[in-house]
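**Q** output the structure for:
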Amino acid sequence: MNKISAFFKSYADSFTTNMREHFENIPQVFKLSVADLKKTYTGAALGWAWAVIKPIVNIFVYWFAIAIGLRQGGDVNGYPYILWLICGIIPWFYMSEAITGGTDCIRKYSYLVTKMKYPVTTIPTFTNLSKLFVHLLITIAVVLIFWIAGYPPTIYLLQLPLYTILMFLFFNAWALFAGLVSAMSKDFSNLVKSFNVAVFWLSGILWNIENVKDSPVVYSLMMLNPVTFICYGYRNCFVNGTWFFEQPMRLCYFLGWYLFMGLLSLWAHKKLRKEIPDVLM
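**A** Have a look, this model is predicted:
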């Protein structure tokens, strides 16, 4: 019984430390997120335009390959394939950056830990927050694109902030775990980057997961994928016209993954926080 109590107490202490460090450094988190955003685009000739150019190029390539090359880009739920593709792929742009960028975030800002004694738990937060700013701008642009194309905003868009917040929280927990582990071993970072493309193709971003509904096992596994949940959620807002509470099990699966990832991040923080400054020296 004492061991169980000690186990829960250690995780509670790690969680409390995490929350305290965030609340004590709220101004710094926002300042560093803006600085990280500027650092990403400063120095390039086109500057901030790259925040829009890169997604446009990627979307065009995927649309051309699927709709023109493979002739598989038919309408989905009455919406042109290009619109269906856009609303599902925009969260992936954020998630992809969060998966790979979160893995390297602590190494990238190692000087904050080694020279300034800045709390390591907030580094993933401000790096993810900088990516979220870009994501929000792109999302607004997508709403305008749908409107111009003849599909004005519907009441289902009211749930879009929920999916955005869930996405941010999940990948913030991921970044803390992955960033700490990657700081200890670069092999983990390379492993994550090698799997990033696989996650993209297996998450139903370019193709409709309803097409595999006749294979219950495959469909169920797809629904367990947190990336699929977010992309599907965005499409529920834009094209499917479905509320999150109409699919409670999918939400429960995602929350289960979030709880698991949160525990992993607390475990990594508890185990590695004292060693990180020495490793990064």
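
**Q** what segments of this structure are helices?
**A** Under the criterion DSSP state H, the chain contains helices at 2-24, 26-41, 50-63, 81-108, 110-114, 123-148, 160-184, 186-201, 216-224, 226-235, 248-272, 276-280.

**Q** quick one: mean pLDDT over the first one.
**A** I take that to be helix 2-24. Mean per-residue pLDDT for helix 2-24: 73.

**Q** G262 contacts N172, doesn't it?
**A** No: G262 lies out of contact with N172 (C-beta atoms under 8 Å); the separation is 9.5 Å. Where you see a C-beta, it was placed from the backbone N, CA and C, and this is true even at glycine.

**Q** circling back to that earlier point, which of the helices of the chain sits closest to T242?
**A** The closest of those to T242 is helix 226-235. By C-beta to C-beta, the value is 8.7 Å.

**Q** the most centrally placed residue in the chain: what's it in contact with?
**A** Centroid-nearest residue in the chain: M95, 3.0 Å away (criterion: C-alpha atoms, centre = their mean). When contacts are counted by C-beta atoms under 8 Å, 6 or more residues apart in numbering, M95 is found next to M167, F171, V227, I230.

**Q** for S185, see how far away it is.
**A** Distance, M95 to S185, by C-beta to C-beta, to the nearest Å: 23 Å.

**Q** ditto for G262
**A** Counting by C-beta to C-beta, the gap from G262 to S185 is 22 Å.

**Q** now swap in L259 and tell me
**A** L259 sits 25 Å away from S185, going by C-beta to C-beta.

**Q** same check, this time on Y234
**A** Y234 is 34 Å from S185, by C-beta to C-beta.

**Q** ok, back up a step: mind pulling up the pLDDT for the residue nearest to the centre of the chain?
**A** Reported pLDDT for M95: 94.

**Q** how about the contacts made by the residue nearest to E275 when sequence neighbours are not counted?
**A** Distances taken as C-beta to C-beta, 6 or more residues apart in numbering place M184 nearest to E275, at 7.3 Å, with adjacent residues excluded. When contacts are counted by C-beta under 8 Å, 6+ apart, M184 touches L272, E275, I276, V279.

**Q** for the second one, grab phi and psi.
**A** By that I understand E275. Torsion angles at E275 (phi, psi; degrees, to the nearest 10) stand at phi -90, psi -20.
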